[in-house]
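Visitor: coords please:
(2 chains)
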Protein chains: 2
Amino acid sequence: MADREEEQQQQRLPVVLQLRPVFAIAPAEDRFLQKFRFLKAWESSMPKDLFLTTHAQSVRALLCSGGTPVTADDLRCLPSLRCILTTSAGLNHIDLVECRRRGIAIANSGDCFSEDASDYAIGLLLDVLRRISAADRYVRQGLWPTKGDYPLGSKLGGKRVGIVGLGHIGTEVAKRLVAFGCSISYHSRKNKPSVAFPYYSDVRDLAANSDVLIICCALTKETHHIINRDVLLELGEKGVIINVGRGALIDEKELIQCLVQGEIGGAGLDVFENEPDVPKELHALDNVVLSPHRAVFTRESNSSLHDLLIANLEAFFSNKPLVSEVKEE
Amino acid sequence: MADREEEQQQQRLPVVLQLRPVFAIAPAEDRFLQKFRFLKAWESSMPKDLFLTTHAQSVRALLCSGGTPVTADDLRCLPSLRCILTTSAGLNHIDLVECRRRGIAIANSGDCFSEDASDYAIGLLLDVLRRISAADRYVRQGLWPTKGDYPLGSKLGGKRVGIVGLGHIGTEVAKRLVAFGCSISYHSRKNKPSVAFPYYSDVRDLAANSDVLIICCALTKETHHIINRDVLLELGEKGVIINVGRGALIDEKELIQCLVQGEIGGAGLDVFENEPDVPKELHALDNVVLSPHRAVFTRESNSSLHDLLIANLEAFFSNKPLVSEVKEE
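Guide: Predicted structure coming up:
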């Protein structure tokens, strides 16, 4: 009887659709289930479009992760949808044009991940410059006593660092690097008059004037392969590139060629064009640090994300403005 | 003829003794040889004490690395010695009591390595907290596509970091960590009234109030095994320890036991008690980053070191004060 009451109570809660599992919320699912009812498309035996059409009237909110495409076809089945929450900072998995046309608001992870992502960018940069992971392998393989001192790395202080995308993450990256004695410049869609760092409107010019490039912009049609062979050659044979944005910001094939041929100095990569597949050629390189898309995730940032998602959903269902709505520029 | 003149000219240069090879100056040996004549004890077929006694009158300056012991026996053979230059920051390889008795001045690497050492401490800390090297191994082993997401690490921001030894390196470490949003406290021989961070006179109290300990003090009789089992247990099972000082600052056996039994959370170790041997038990641990004593060395810091050594030797042979003399406190 208690179970039935509980079930009835759950049925009265506002509905939130998930197309695929949103792993980031799993540790806190109980918190969500006290306030919302999840409709899980992948648990149904129905084909997805039939499932969506069946629930079309009740679905006003959709929750997804950065790895789940939300296509125009999905949206066409969901005429009542007014809000999409994504657990990612980036929106490249969502058909934004179709959302705009349908008046669907989108909220992302806001500022939750900026600090972790920038910490990780610095960690990858220190690792590549000072060869920390490679030296760790050297020690674990027992080579220190037999082969002697490990080759010297290069100093972070004094490096000219070019940041591609000076948003939340890029700004935090810059703040940290100043404390290490680096000089900062940046490229973004527009010059930011409130920022004192030098601005380059052309990313090739930024690369030509940098020892290090840190990529932390959003992936859009305009930024796809923004780092191409030309940019890498401008960065040069001692140059280091760090990517904590999205894999497709870099032309990965060209990057691999530049690394293998010594046309750039090294790379720290948290993201790849075809995750979770990481090109085999990279596995053999010692001037590269490879990371399985972990830059933004820590236990702490995950917990902030849960708070933010709940706050967004509560705001939406009370007809209040979303907390971390992404506004068009 | 020209060769002979050159040789005669070399013979007139001030003599600098090396007991064992000083690898750090190898890339710049030519610069030194324009101004000084090296006497290389290890190249002689004579036993060391006979060699030293033979050259006793001419040797006023000695150059050594941190790995070369300079013992009371050596010093007894060198009555004219007035100055020891070491390429290290630490002096634990030199018999300081005997030097004091004999009025021998000592110059170390001064500030040359502070920035690199502190950068490396931050690199190790980010690596342990965010599992960068371990995740790199995971990717290189091809486990990402088969085993899925790598476990979450922990955020650096907000961590309470205790610095053991707030000298040049510790101060640089603190400066960087403030930019990451950490709160800092410290232990050293004495409270430093000019420093705003909280001071703990007992390193156990510091550990009890810290999530992370960074060890960057000098190795002396007083600091030998300053990090013992009690301190590690106070740091606790989520605590992380970073050592860029000397191996013997930590009781390595106890550290290994604490790591294996999960009594502390992780460690980033650039130094070990019996280098280059790294205890096998550590090789198997994923919560540990192992580094072959590279924290202070980069191409850039090495070049600064050469400048400093030459400046010290020129000062000494012109009867001027040493540039980076270590004064007793």
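Visitor: in which helix or strand does residue A:242 reside?
Guide: When elements are assigned from DSSP states H and E, residue A:242 belongs to strand A:240-243.
Visitor: chain center to whichever helix or strand comes after that strand, what's the gap?
Guide: Proceeding C-terminally, strand A:240-243 gives way to helix A:252-260 as the next helix or strand, assigned by DSSP H and E. Taking C-alpha atoms, centre = their mean, to the nearest Å, the mean C-alpha location of helix A:252-260 is offset from the chain mean by 22 Å.
Visitor: near chain B at all, whatever helix or strand comes next after helix A:252-260?
Guide: Following helix A:252-260 in sequence order, the next helix or strand is strand A:266-269 (DSSP H and E). No: if you take C-beta under 8 Å from any C-beta of the partner chain as the test, strand A:266-269 misses chain B, and the best it gets is 8.7 Å. Any C-beta I mention is one placed from the backbone N, CA and C, and that applies to glycine too.
Visitor: and for strand A:266-269, what are the contacting residues?
Guide: A:121, A:124-125, A:127-129, A:240-243, A:247, A:255, A:259, A:282, A:287-291 (C-beta atoms under 8 Å, 6 or more residues apart in numbering or on different chains).
Visitor: again, only this time at 7 Å
Guide: Strand A:266-269 is contacted from outside by A:124-125, A:127-128, A:240-243, A:255, A:259, A:287-291, using C-beta atoms under 7 Å, 6 or more residues apart in numbering or on different chains.
Visitor: equivalent analysis for stretch A:126-140, please.
Guide: Judged by C-beta under 7 Å, 6+ apart, the contacts made with stretch A:126-140 from elsewhere in the structure are A:144, A:150, A:153-154, A:156, A:240, A:266-268, A:286-287, A:289, B:119-120, B:122-124, B:126-127, B:132-133, B:136, B:278, B:283, B:289-292, B:294.
Visitor: in PyMOL, how would I select just the buried ones from those?
Guide: Under the burial definition 16 or more other C-beta atoms under 10 Å in any protein chain shown, those of the contacts of stretch A:126-140 that qualify are selected in PyMOL by:
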select buried, (chain A and resi 144+150+153+154+156+240+266+267+268+289) or (chain B and resi 119+120+122+123+124+126+127+132+133+136+278+289+290+291+292+294)
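Visitor: give me the element residue A:17 is part of.
Guide: Using DSSP H and E, residue A:17 falls in strand A:15-18.
Visitor: so which of the contacts of stretch A:126-140 are in strands?
Guide: Of those, the ones assigned to strands by DSSP state E are A:240, A:266, A:267, A:268, A:289, B:289, B:290.
Visitor: distance between the ends of stretch A:140-160?
Guide: Taking C-alpha to C-alpha, to the nearest Å as the measure, stretch A:140-160 stretches 33 Å from start to finish.
Visitor: stretch A:22-32 too?
Guide: With C-alpha to C-alpha as the measure, the ends of stretch A:22-32 fall 12 Å from one another.
Visitor: for stretch A:87-107, same thing?
Guide: Chord length of stretch A:87-107, first to last residue, is 9 Å (C-alpha to C-alpha).
Visitor: equivalent analysis for stretch A:291-300, please.
Guide: Across stretch A:291-300, the terminal residues are separated by 19 Å (C-alpha to C-alpha).
Visitor: now do stretch A:54-72
Guide: So stretch A:54-72: terminal residues 17 Å apart, C-alpha to C-alpha.
Visitor: equivalent analysis for stretch A:148-159, please.
Guide: With C-alpha to C-alpha as the measure, what separates the two termini of stretch A:148-159 is 28 Å.
Visitor: repeat for stretch A:152-168
Guide: End residues of stretch A:152-168 are separated by 33 Å (C-alpha to C-alpha).
Visitor: give me the nearest residue to residue A:113, chain neighbours excluded.
Guide: On the basis of C-beta to C-beta, 6 or more residues apart in numbering or on different chains, the spatially nearest residue to residue A:113 that is not a chain neighbour turns out to be residue A:296, at 3.6 Å.
Visitor: ok, the one you found - how many residues close by?
Guide: Neighbour count for residue A:296, taken as other C-beta atoms under 10 Å in any protein chain shown: 27.
Visitor: let me know the helix or strand that it is in.
Guide: Secondary-structure assignment from DSSP H and E places residue A:296 in no helical or strand segment.
Visitor: which residues of the stretch 1-150 of chain A lie near chain B?
Guide: With C-beta under 7 Å from any C-beta of the partner chain as the criterion, the stretch 1-150 of chain A comes near chain B at residues A:115-116, A:119-120, A:122-124, A:126-127, A:130, A:132-133, A:135-136, A:138-140, A:144-145, A:150.
Visitor: and these, which of them are in helices?
Guide: A:115-116, A:119-120, A:122-124, A:126-127, A:130, A:132-133, A:135-136, A:138-140, A:144-145 (DSSP state H).
Visitor: alpha carbons only: can I get the helix or strand of chain A with the lowest mean pLDDT in PDB?
Guide: Of all helical and strand segments in chain A, the minimum by mean pLDDT, DSSP states H and E falls on helix A:2-12, at a mean of 82. As requested, C-alpha coordinates have been extracted for helix A:2-12 and formatted as PDB (Å, rounded to 0.1, in the frame of the first residue of the first chain):
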ATOM      1  CA  ALA A   2       2.800   2.400   0.900                       C
ATOM      2  CA  ASP A   3       4.600   1.400  -2.300                       C
ATOM      3  CA  ARG A   4       1.500   2.200  -4.300                       C
ATOM      4  CA  GLU A   5       1.200   5.600  -2.700                       C
ATOM      5  CA  GLU A   6       4.800   6.200  -3.400                       C
ATOM      6  CA  GLU A   7       4.300   5.200  -7.000                       C
ATOM      7  CA  GLN A   8       1.300   7.500  -7.400                       C
ATOM      8  CA  GLN A   9       3.300  10.300  -5.800                       C
ATOM      9  CA  GLN A  10       6.100   9.700  -8.400                       C
ATOM     10  CA  GLN A  11       3.500   9.800 -11.200                       C
ATOM     11  CA  ARG A  12       2.500  13.300 -10.200                       C
END
